[in-house]
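>>> would you be able to build a 3D model of this:
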Amino acid sequence: MSCIIVYLIFKVFIIYRISYSPNGWTDRELALEWIKKHFDPMTYEKANGQIWVLLLDGHKSHYSRDLLFYAHKNNIMILGYPPHCTHALQGLDVVCFARIKEVWKEELNSYEQDHNQSLPKSNFVFVFGTAFLHAFTPKTIQAAFTAIGIHPYNPNIILAQQMEPSIPSSTKTTFPLPQPSPVHHIMAIFHDKTPSTPGTISTHTGSTSSINRQANYYQQFVKSFAQITKPIHETVKKERKWSWGEKQQKVFEDLKKVFTTRPVLAVPELDKEFRVEVDASDYATGGVLSVKCEDNKWRPAAFISKGLNETEWNYEVHNKEMLAIIRCLEEWRHFLEGARLQFKIWTDHWNLEHFMKAQKLN
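Take a look at the predicted model:
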């Protein structure tokens, strides 16, 4: 059995063999580097000219335009896990991470007892590498593929109960590094009492601007997110007096529902027809990226919703509608530029039609 080299990412540069990023997590550049320098060269011969599949979670760094183009050009099919489902569908979450948490704790305790000191950063790679080799054995890896029904293929192994929204309750022991997750923070909000001051919201969100800051990952899956959260946006503005009433409480409860309800989204495949539907209101812009599926029905693939600032509030209606179009094209550029078929933009503002033709500018 062959395997791909472990790809470690540090927050600061240590040695040239270890990648690093400003926040210590993967980004678009590192994801592209990994698929080019590691995954492709190490699996090319094994694929033997056939299409081979790469399963990735839903992090946006895995779906940059350059990465998708590279994958398509080199016969690599990328399949992404749906949102809120990795706790049931991803083999790492289901099998491997639980094992490495246990082994890591053992190796860490062993090091501290042998050296009579805490583990320094200079020795982290050695100790973690030892734990990794003990945890990621051929038996464990094969068990992960079996548990999620990938190999041997079993589409019936995942039950409906397993697809319920995940909660952060699987940690058996400590992991090498903290595992920040939007799910952890959002669920912490839901388990706490209703916010009583702007500072209470700040504690949960890391910002006094809005709950939107903490939930920015999930808004791409929620239609009209900015419109839903507007009452809370208004409440936490510095120039406004703090007030938490029925409207804010309703939004608070609605957010719990939309964050824990699975949206039925289509996969944005580049060989299918796309449609961008946009709209703008007095205080927000929104859009839906839809895909025409095999049954000739249009289904949403992603949403975008963003509030207007004080300057944008004063835009004329046609400018707000155009801003909505621009935001959608920027957000889904990697899909739309790579699409095999022409896509259409739907807007309810007829006056924008003249922008389809070249304009004479003074």
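
>>> my read: Arg65 touches His334, true?
Yes. Taking contact to mean CB atoms under 8 Å, the distance of 3.4 Å between Arg65 and His334 places them in contact. Where you see a C-beta, it was placed from the backbone N, CA and C, and this is true even at glycine.

>>> helix or strand: which one has Trp104?
Under DSSP states H and E, the secondary-structure element containing Trp104 is helix 97-115.

>>> and the first helix or strand past that helix going along the chain, what's buried?
Next along the chain after helix 97-115, taking DSSP H and E as the criterion, comes helix 124-135. Under the neighbour-count criterion of 16 or more other CB atoms under 10 Å, helix 124-135 has Phe124, Val125, Val127, Phe128, Thr130, Ala131, Phe132, His134, Ala135 buried.

>>> list the contacts for the last one?
Okay, so that is Ala135. Listed by CB atoms under 8 Å, 6 or more residues apart in numbering, the contact partners of Ala135 are Cys96, Arg99, Ile100, Glu102, Val103, Trp104.

>>> what's the closest non-adjacent residue to it?
With CB to CB, 6 or more residues apart in numbering as the measure, Ile100 is the residue that lies nearest to Ala135, at 3.8 Å, once sequence neighbours are left out.

>>> my read: that neighbour touches Thr130, true?
No. Between Ile100 and Thr130 there is no contact, the gap being 11.1 Å when judged by CB under 8 Å.

>>> list phi and psi for Ser64.
Main-chain dihedrals, Ser64, degrees, to the nearest 10: phi -70, psi 160.

>>> could you report the pLDDT at the nearest residue to it once chain neighbours are set aside?
Residue nearest to Ser64 in three dimensions, not counting chain neighbours: Arg28, with 4.1 Å by CB to CB, 6+ apart. Per-residue confidence for Arg28 comes out at a pLDDT of 85.

>>> what is the neighbour count of Arg28?
Using other CB atoms under 10 Å, Arg28 is surrounded by 17 other residues.

>>> any idea how far it lies from Asn309?
With the distance defined as CB to CB, to the nearest Å, Arg28 ends up 26 Å from Asn309.

>>> and what of Val6?
Separation of Val6 from Asn309 (CB to CB): 44 Å.

>>> these two: which has the busier surroundings?
For Val6 and Asn309, the more surrounded residue by other CB under 10 Å is Val6, and the numbers stand at 12 against 9.

>>> ramachandran angles for that one?
Torsion angles, degrees, to the nearest 10, at Val6: phi -60, psi 140.

>>> thinking it is in contact with Ala131, fair?
No. In this structure, Val6 sits apart from Ala131 without contact. The criterion is CB under 8 Å, and the distance is 11.1 Å.

>>> buried residues of stretch 76-95, list them for me.
Across stretch 76-95, burial judged by 16+ other CB under 10 Å covers 76, 81-95.

>>> what's the mean pLDDT across that stretch?
80.

>>> and that stretch, how far out from the chain middle?
Using CA atoms, centre = their mean, to the nearest Å, we find the averaged C-alpha position of stretch 76-95 to lie 12 Å away from the chain's own average C-alpha position.

>>> next one: stretch 143-155
The mean C-alpha position of stretch 143-155 is separated from the chain mean by 24 Å, CA atoms, centre = their mean.

>>> for it, which outside residues touch it?
Counting by CB under 8 Å, 6+ apart, the neighbours of stretch 143-155 from elsewhere in the structure are 55, 88-92, 94-96, 142, 156-158.

>>> how about the CA coordinates for stretch 47-66, as CSV?
Listed next in CSV are the C-alpha coordinates belonging to stretch 47-66 (Å, rounded to 0.1, in the frame of the first residue of the first chain):
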residue,chain,number,x,y,z
ALA,A,47,-4.3,6.1,-12.0
ASN,A,48,-2.8,4.7,-15.2
GLY,A,49,-4.5,7.2,-17.5
GLN,A,50,-7.9,6.8,-15.9
ILE,A,51,-10.0,9.4,-14.1
TRP,A,52,-9.2,9.3,-10.4
VAL,A,53,-11.4,10.8,-7.7
LEU,A,54,-10.3,13.2,-4.9
LEU,A,55,-12.7,13.7,-2.0
LEU,A,56,-12.5,17.1,-0.3
ASP,A,57,-14.5,18.8,2.4
GLY,A,58,-16.4,22.0,1.7
HIS,A,59,-13.6,24.6,2.5
LYS,A,60,-13.6,27.3,-0.2
SER,A,61,-9.8,27.0,-0.6
HIS,A,62,-10.4,23.6,-2.2
TYR,A,63,-12.4,25.1,-5.1
SER,A,64,-10.4,28.0,-6.4
ARG,A,65,-10.6,28.6,-10.2
ASP,A,66,-6.9,27.6,-10.7
